[in-house]
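Visitor: For reference, the sequence and a predicted model appear below.
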Amino acid sequence: MGTLLKTTRLTKVFDGKEVISDVDMTIRQGEIYGFLGLNGAGKTTVMKMMTNLIKPTGGEIEIFGEKLTENSYEILKRMGSIIEYPVFYDRLTALENLELHCEYMGFHNKAAIGEALDLVQLRNIDRKPVKDFSLGMRQRLGIARAITTRPELLLLDEPINGLDPVGIKELRSLFKMLSKEYGITLLISSHILGEIEQIADTVGVISEGKLIEQVPMDEVRGRNTEYIEVVTPDLNKAVYVLESELGMRNYKVVGDTTLRIYERGVSQAEISKGLLLNGVQIEALNKKGSSLEDYFLQSIHGGGVHA
Ligand SMILES: Nc1ncnc2c1ncn2[C@@H]1O[C@H](COP(=O)(O)OP(=O)(O)OP(=O)(O)O)[C@@H](O)[C@H]1O
């Protein structure tokens, strides 16, 4: 997959305070990039710079292989976004809001409006004024507006904020569909790890304006498998028993007296019984493994974690 968006040493200073520092971010074509950070970490500021709503103090942004400048109207036309809460003309209907938006963007494909409303399941109520919409409906309308112009890249700032579980689930499947069926690349920010975990292909973690992690989700999951740790004075014997008697190959020796077993579907009881029956002394045997939550908390508080 090629690179669709790339920032290089992106920096923003507000009132003499650096709130974004040297962010190097790479979003690949076709992926869902989850942008994770606590409130105030700098997600919105980064996304505002990507959409030219504010100007970087330093660094560069490249989108679709071109440098973003004040005059990059062609680049912006190929993008859709919801930054902070989507704002609408409340007394106008959903349809009228989208029509106005298309006019403003110089996009004249009327059929695309209906399709976008279909996608977010608002077609049947598109003649209702937006003031009567629930938060979830507004959020979906915001997405419809962002996708009517058929963008290649969609930036969504905390799209699930304030939604109920049903609304969240609907949006999650919508994001997956936009990515898989429409080939749209998505950048989705959130402060909720569980959300990012379920949809992202890559996760970027921002903390106090610094991008402290940028890793494929698969790798994060791989790093966090559970294991059973055995501490034994008979390490060599234990290894022999594991392989020859218990048929386990998925383990790692991590010290003079310690090994970790990553084998799935084997209980602590089975392992301890197997070892003891074969004359291996056990000092300790415990199930371990950090959850994703631990992983990200460590990475936020410890400035990066590496397996
Ligand atoms: N216009 C501004 N003037 C001064 N400081 C600002 C401005 N906009 C943002 N900041 C500061 O920049 C930092 C990052 O804010 P930002 O809104 O990007 O964070 P965030 O991760 O999006 O959090 P949230 O989800 O709460 O919006 C914060 O300390 C914020 O106070």
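Guide: That came in fine, so what should we check first?
Visitor: Measure how far stretch 260-267 is from the centre of its chain, please.
Guide: Chain-centre distance of stretch 260-267: 29 Å, with Cα atoms, centre = their mean, to the nearest Å.
Visitor: Repeat that for stretch 12-25.
Guide: That offset, for stretch 12-25, works out to 21 Å (Cα atoms, centre = their mean).
Visitor: Would you tell me whether that stretch gets close to the ligand?
Guide: Yes - judged by Cβ under 6 Å from any ligand atom, stretch 12-25 and the ligand are in contact via 14, 15, 19. (Glycine included, C-beta is placed from N, CA and C.)
Visitor: who does the helix or strand harbouring residue 24 pair up with?
Guide: Take DSSP states H and E as the rule and residue 24 turns out to sit in strand 17-28. In the sheet, strand 17-28 lines up against strand 3-14 (antiparallel) (DSSP bridges).
Visitor: got a list of contacts for the partner strand?
Guide: Residues outside strand 3-14 that contact it (Cβ atoms under 8 Å, 6 or more residues apart in numbering) are 18-30, 42, 45-46, 49-50, 54, 56-64, 152-153, 185, 187, 209.
Visitor: List the residues that contact the closest residue to residue 232 other than its chain neighbours.
Guide: Leaving out its chain neighbours, the residue that sits closest to residue 232 by Cβ to Cβ, 6 or more residues apart in numbering is residue 238, at 4.9 Å. For residue 238, the contacting residues are 230, 232, 259, 275, 280, by Cβ under 8 Å, 6+ apart.
Visitor: which SSE is residue 238 in?
Guide: For residue 238, the host element (DSSP H and E) is helix 235-240.
Visitor: Mind listing what's buried along that helix?
Guide: 235, 238, 239 (16 or more other Cβ atoms under 10 Å).
Visitor: Return the distance of that helix from the chain's centre.
Guide: 41 Å.
Visitor: Over to stretch 10-21?
Guide: For stretch 10-21, the separation from the chain centroid amounts to 23 Å (computed by Cα atoms, centre = their mean).
Visitor: Same check on stretch 174-188?
Guide: With Cα atoms, centre = their mean, you get 12 Å for stretch 174-188.
Visitor: just the strands in the chain please.
Guide: Counting by DSSP state E, residue ranges of the strands within the chain are 3-14, 17-28, 32-36, 58-63, 66-67, 79-82, 153-156, 185-190, 202-207, 210-216, 227-231, 251-253, 258-261, 284-288.
Visitor: Contacts only, for residue 109.
Guide: By Cβ under 8 Å, 6+ apart, the residues touching residue 109 are 102, 150.
Visitor: repeat that for 6 Å
Guide: Contact criterion Cβ atoms under 6 Å, 6 or more residues apart in numbering gives no residues in contact with residue 109.
Visitor: if I look at it, how far off is the ligand?
Guide: 32 Å (Cβ to the nearest ligand atom, to the nearest Å).
Visitor: How about the residue of the chain positioned farthest from its centre, nearest residue that isn't a chain neighbour?
Guide: In the chain, the residue that sits farthest from the middle, by Cα atoms, centre = their mean, is residue 279; the gap is 47.8 Å. Counting by Cβ to Cβ, 6+ apart, residue 237 is the residue found nearest to residue 279 once chain neighbours are left out, at 7.1 Å.
Visitor: do residue 8 as well
Guide: Leaving out its chain neighbours, the residue that sits closest to residue 8 by Cβ to Cβ, 6+ apart is residue 60, at 4.7 Å.
Visitor: Can you get me a residue count around the one you found?
Guide: 13 (other Cβ atoms under 10 Å).
Visitor: My read is that residue 228 contacts residue 261, right?
Guide: Yes - Residue 228 lies in contact with residue 261 (Cβ atoms under 6 Å); the separation is 4.5 Å.
Visitor: mind checking pLDDT for residue 84?
Guide: What the model reports for residue 84 is a pLDDT of 83.
Visitor: do the same with residue 110
Guide: Looking at residue 110, its pLDDT stands at 83.
Visitor: From residue 129, how far off is it?
Guide: Residue 110 is 20 Å from residue 129, where distance means Cβ to Cβ, to the nearest Å.
Visitor: who has more neighbours, the two?
Guide: Higher neighbour count among residue 110 and residue 129: residue 129, with 15 against 11, using other Cβ under 10 Å.
Visitor: Bridged to the more buried one, which residues?
Guide: Bridge pairing for residue 129 - DSSP bridges - gives residue 93.
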